[in-house]
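**Q** Below: sequence and its predicted model.
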Amino acid sequence: MDPSTLIRLNAWLCGLVIGCLIWSSQSLQAAEAVELKLPRAMAWSAYNLGTTGYNQAVGIAKMLKDNHRVTLRVIPGKNDVSRLLPLLVNRVQFSANGVSTYFAQEGVFQFAGRRWGPKPLRVVMMSLGLSNQGIAVAGEGDIQKISDLRHKRVPYVLGAPALNVSTEAILACGDLTWKDVVRVELPGYVAMWNAMIAGQIDTAYATTVSGPTRRLEASPQGIRWLTLPHDDAGCWQRVRKVAPYLQPNMATRGAAISDANPHEGGTYPYPILTTLAKQETRLVAALTQAIDEGYPQYKNADPGSIGWQMQRQQLQWLVPYHRGAIQYFQSLGIWTDAMERHQTQLVRRQAVLSSAWQAYNAGDDKSQESDLVWQQGWMRVRAEYLDAAGFDPIWRAQ
């Protein structure tokens with residue numbers, strides 16, 4: 001073969017290889033586009049404006065707009081009920097919620113009422129950052145430890161069991177209950193922090209990176225986070241008896257908190273992107289992939305946004321994951337047999353709770369009972385069914 005023919009043959013072969021590579025790349029991109037098919041508009045509920053939960057949702061919304069031309073409307077809710085209700089009535093597809101996702105699954109606290117009961121909720125992803133969930137006091141005040149809150153003004157946010165139960169658990173670390181403090185009822189999270197900054201209450205609950213905590217830090221009184229000592233076994237035994245979802249953690253991010261000045265306390269995932277079990281699998285899988293792959297674009301939207309990293313996901317938590325999210329985790333090779341067994345047990349627990357709810361509502365007419373009597377009856381039946389199925393009810397009728 002003469003040299004010119006050989007050159008032409010090599011050029012043809014190179015062109016063929018390059019063409020195949022381009023076709024393969026285009027095919028792969030097309031396949032990815034199919035996998036990431038998202039609606040042009042979505043709605044999420046979230047915490048109030050200015051909170052870390054809201055800020056993180058807005059950061060993800062911008063990424064979805066930039067990457068996938070999705071318009072995500074984030075609807076703020078002042079308490080746990082107002083965040084989950086839009087999900088249940090299909091006003092939003094997802095909720096950037098807190099630990100009340102767990103309470104609503106269990107049908108306890110505000111979700112133990114006639115209009116609620118246990119709900120078949122599912123986790124999509126969660127944020128588990130470098131912050132803590134804790135209670136703060138004025139930095140210049142005389143409250144140095146949790147036990148110093150005896151007879152002090154402690155907030156109770158109406159319709160927000162996540163805030164109130166967590167506050168109660170932290171009080172328990174100091175051997176205190178609601179009976180040992182002056183309970184001040186407030187209508188919402190922002191109202192609580194406004195009251196704290198105005199000096200109307202003596203402590204307030206938050207994640208350490210929440211926006212309102214910076215206002216207290218910047219005020220003349222400053223901010224101090226009360227400690228939950230990790231080596232105090234009695235403290236943590238009392239904490240977990242009230243709030244089993246709290247786990248020890250050293251926070252390095254937050255108001256008056258840094259690597260050089262960490263906070264010894266507790267935490268849980270927040271926010272938790274929540275949806276209903278019936279939500280479309282393809283949509284959830286696509287959204288999970290979009291949030292994971294778009295992480296570099298929103299990781300600085302809020303100090304807590306680092307918690308959305310895939311390696312920080314807690315894949316064996318208290319509420320089952322949605323099957324669409326699991327499909328994506330499986331595609332990454334990170335969903336294990338142990339995780340699947342854990343998932344199966346969580347789904348079975350929800351089925352037991354559903355059976356208990358149906359049985360309780362199908363019993364004798366309770367329409368004339370007071371709400372308190374009705375709820376106490378539900379909590380007894382709930383515990384009976386969970387005990388019989390081999391599950392720990394955690395909370396029982398008082």
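**A** Cool, got the structure. Numbering: from 1, shown residues only.
**Q** distance of A112 from L84?
**A** 14 Å (Cβ to Cβ, to the nearest Å). All C-beta atoms are positioned from the backbone trio N, CA, C, and that covers glycine.
**Q** Determine the number of other residues adjacent to the closest residue to R253 other than its chain neighbours.
**A** In space, and not counting its chain neighbours, R253 is closest to L130: 4.4 Å by Cβ to Cβ, 6 or more residues apart in numbering. Using other Cβ atoms under 10 Å, L130 is surrounded by 21 other residues.
**Q** repeat for R40
**A** 8.
**Q** For it, give me phi and psi.
**A** Torsion angles at R40 (phi, psi; degrees, to the nearest 10) stand at phi -70, psi -20.
**Q** OK, contacts around it?
**A** 69-71 (Cβ atoms under 8 Å, 6 or more residues apart in numbering).
**Q** Which one of A112 and L84 is surrounded by more residues?
**A** L84 (25 against 22).
**Q** Now do the SS call for the more buried one.
**A** helix (DSSP: H, G, I helix; E, B strand; the rest coil).
**Q** Spatially central residue for the protein, please.
**A** In the chain, the residue lying closest to the centroid (Cα atoms, centre = their mean) is I272, at 2.4 Å.
**Q** give the contact list for the residue lying closest to it once chain neighbours are set aside.
**A** Sequence neighbours aside, M126 is the residue nearest to I272 in space, at 4.6 Å (criterion: Cβ to Cβ, 6+ apart). Applying Cβ under 8 Å, 6+ apart to M126 gives the contacts 269-273, 307-308, 313-314, 317.
**Q** Roughly how far does M126 sit from I223?
**A** In terms of Cβ to Cβ, M126 sits 26 Å off from I223.
**Q** A172 now?
**A** Counting by Cβ to Cβ - A172 and I223 are separated by 22 Å.
**Q** Those two: who's more crowded?
**A** Neighbour totals were compared for A172 and I223, and I223 leads with 25 against 21 (other Cβ under 10 Å).
**Q** wouldn't A356 be in contact with R382 here?
**A** Yes - between A356 and R382 there is a contact under Cβ atoms under 8 Å: 5.1 Å.
**Q** so what sits against both of the two?
**A** Taking Cβ under 8 Å, 6+ apart as the contact rule, A356 and R382 both touch P118.
**Q** Where does the prediction get shaky in this structure?
**A** Along the chain, the model assigns pLDDT under 70 to residues 1-35.
**Q** residue contacts, T288?
**A** 124-125, 324-325, 328-329.
**Q** rewinding a little: I'd say the residue nearest to the centre of the chain and L128 touch.
**A** No - in this structure, I272 is not within contact of L128 by Cβ under 8 Å, at 9.4 Å.
**Q** so how far is W317 from D80?
**A** Taking Cβ to Cβ, one finds D80 at 18 Å from W317.
**Q** neighbour-wise, which of these two wins?
**A** D80 (28 against 19).
**Q** nearest spatial neighbour of the more buried one, skipping sequence neighbours?
**A** S100 (3.6 Å).
**Q** Burial check on the one you found, number of neighbours?
**A** S100, neighbours per other Cβ under 10 Å, totals 26.
**Q** Next, the contact list for it, please.
**A** 80, 83-84, 110-111, 160-162.
**Q** can you check T101 too?
**A** Counted by Cβ under 8 Å, 6+ apart, T101 has contacts 84, 95, 121, 123, 272, 274, 319.
**Q** give me the beta-bridge partners of the residue nearest to the centre of the chain?
**A** Beta-bridge partners for I272, by DSSP bridges, are N97, M126.
**Q** ok, it to H322 distance?
**A** I272 is 12 Å from H322, by Cβ to Cβ.
**Q** which neighbours do these two share?
**A** Joint contacts of I272 and H322 (Cβ under 8 Å, 6+ apart) are V123.
**Q** now the strands for the stretch 201-350 of the chain?
**A** For the stretch 201-350 of the chain, applying DSSP state E, counting those that start in this stretch gives strands covering 204-207, 223-225, 247-251, 263-267, 272-276.
**Q** Sheet partners, orientation included, of the first one?
**A** Using DSSP bridges, the strands paired with strand 204-207 in its sheet are strand 133-138 (antiparallel).
**Q** relative to strand 247-251, how tilted is the strand it pairs with?
**A** 50 degrees (axes from the mean of the first three to the mean of the last three Cα atoms, to 10 degrees).
**Q** List the contacts of strand 133-138.
**A** With Cβ under 8 Å, 6+ apart, strand 133-138 has contacts from 143, 146, 166-167, 170, 196, 199, 202-208, 213, 216, 221-226, 228, 246, 251, 255, 263, 265-268, 270.
**Q** Following element in sequence after that strand, please.
**A** Per DSSP states H and E, the first helix or strand lying C-terminal to strand 133-138 is strand 153-157.
**Q** if we can go back for a sec, keep only those of the contacts of R40 that are in helices.
**A** Using DSSP state H, no member of the contacts of R40 sits in helices.
**Q** Buried subset of those as a ChimeraX selection?
**A** Typed into ChimeraX, the next command selects the buried ones out of these (criterion: 16 or more other Cβ atoms under 10 Å):
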select :70
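**Q** could I get the contacts of R40 as TSV with distance to G294?
**A** Listed next are the contacts of R40 as TSV, based on distance: Cβ to Cβ, whole Å:
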residue	distance to G294
R69	13
V70	11
T71	15
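**Q** of the contacts of R40, closest to G50?
**A** Nearest to G50 among the contacts of R40: T71, at 21.7 Å, using Cβ to Cβ.
**Q** I'd like to know how far that closest one sits from Y360.
**A** When T71 is compared with Y360 (using Cβ to Cβ), they lie 42 Å apart.
**Q** swap in E140?
**A** 51 Å.
**Q** who's more crowded, these two?
**A** Taking other Cβ under 10 Å, E140 and Y360 do not tie; Y360 has more neighbours (21 against 11).
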